[in-house]
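*Asks:* everything below, folded, please.
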Amino acid sequence: MADVNGIPYEQSELYRMRHTLAHVLAQAVLEVYPEAKLGIGPPIQDGFYYDFDLGTAENGKPRTFKPDDLPQLEARMRTIVAGKHDLRCREVSAAEAQALFADQPYKLELIDGLAQGQADADGNPLAEPVVISTYRHDNFEDLCRGPHLAHTGDIPVDGFKLMSVAGVYWRGDEKRP
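*Replies:* So this is what the prediction gives:
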């Protein structure tokens, strides 16, 4: 990815802000949709995203986000950001991570891959085993290797906008939601 002011993107403040915003979005989604299942949420060159499984609607079809959902989620994100919550990283054992994310099947799959030294938290093959770590802010904790901002107050409250929703398959497999 391109440099930001001569700094590699992955080491830039912009990268850390977008990564932190992905976590803030995940917290907001869980507060609005407590049954949601979390996938992954990395920063990308032109923003960030987070994959969610919202379960099944009453009609038996997968529940999905609609563009009309974005203002509510964005408002919740602004409240979280305004709370100026510290982000704390901690290393955990595979067993502790499994207990933390016991109700999050996609996270459990990622933890299994990490524990077996097969894939990182984004599902990329590993050359060597990694430490399992989480980041916590407010009452939200996520499986993550970072980096992040020091606290959510480093994000301008009006410095982000949710632009779109898209359908995805877990790890690109069309047989999986």
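
*Asks:* tell me where the protein has strands.
*Replies:* For the chain, the strands defined by DSSP state E cover 37-38, 43-44, 47-48, 52-53, 88-92, 132-137, 140-143.

*Asks:* and stretch 77-93, how far out from the chain's middle?
*Replies:* Put simply, stretch 77-93 sits 12 Å off its chain's centre (C-alpha atoms, centre = their mean, to the nearest Å).

*Asks:* gap between the two ends of it?
*Replies:* Using C-alpha to C-alpha, to the nearest Å, one end of stretch 77-93 lies 30 Å from the other.

*Asks:* contact partners of it?
*Replies:* For stretch 77-93, the external contacting residues (C-beta atoms under 8 Å, 6 or more residues apart in numbering) are 20-21, 23-25, 27-28, 100, 131-138, 144, 146, 148-153, 155, 157-158, 160, 162. Any C-beta I mention is one placed from the backbone N, CA and C, and that applies to glycine too.

*Asks:* repeat that with 6 Å
*Replies:* The contact list for stretch 77-93 (C-beta atoms under 6 Å, 6 or more residues apart in numbering) reads 24, 27-28, 131-138, 146, 148, 151-153, 155, 157.

*Asks:* just the buried ones from the residues you listed?
*Replies:* 24, 27-28, 132-138, 148, 151-152, 155 (16 or more other C-beta atoms under 10 Å).

*Asks:* Pro43: which of those is nearest?
*Replies:* Of all those, Pro43 sits closest to His148, with 9.9 Å by C-beta to C-beta.

*Asks:* I'd like the distance between the residue located most distally from the centre of the chain and Val32.
*Replies:* No residue in the chain sits farther from the centre than Asn59, which is 28.0 Å out by C-alpha atoms, centre = their mean. Using C-beta to C-beta, to the nearest Å, one gets 20 Å for the distance from Asn59 to Val32.

*Asks:* would you turn the buried ones among the contacts of stretch 77-93 into a markdown table with pLDDT?
*Replies:* Listed next are these as a markdown table, based on pLDDT from 0 to 100:
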| residue | pLDDT |
| --- | --- |
| Val24 | 98 |
| Gln27 | 98 |
| Ala28 | 98 |
| Ile132 | 93 |
| Ser133 | 95 |
| Thr134 | 97 |
| Tyr135 | 97 |
| Arg136 | 97 |
| His137 | 97 |
| Asp138 | 96 |
| His148 | 96 |
| His151 | 94 |
| Thr152 | 97 |
| Ile155 | 97 |
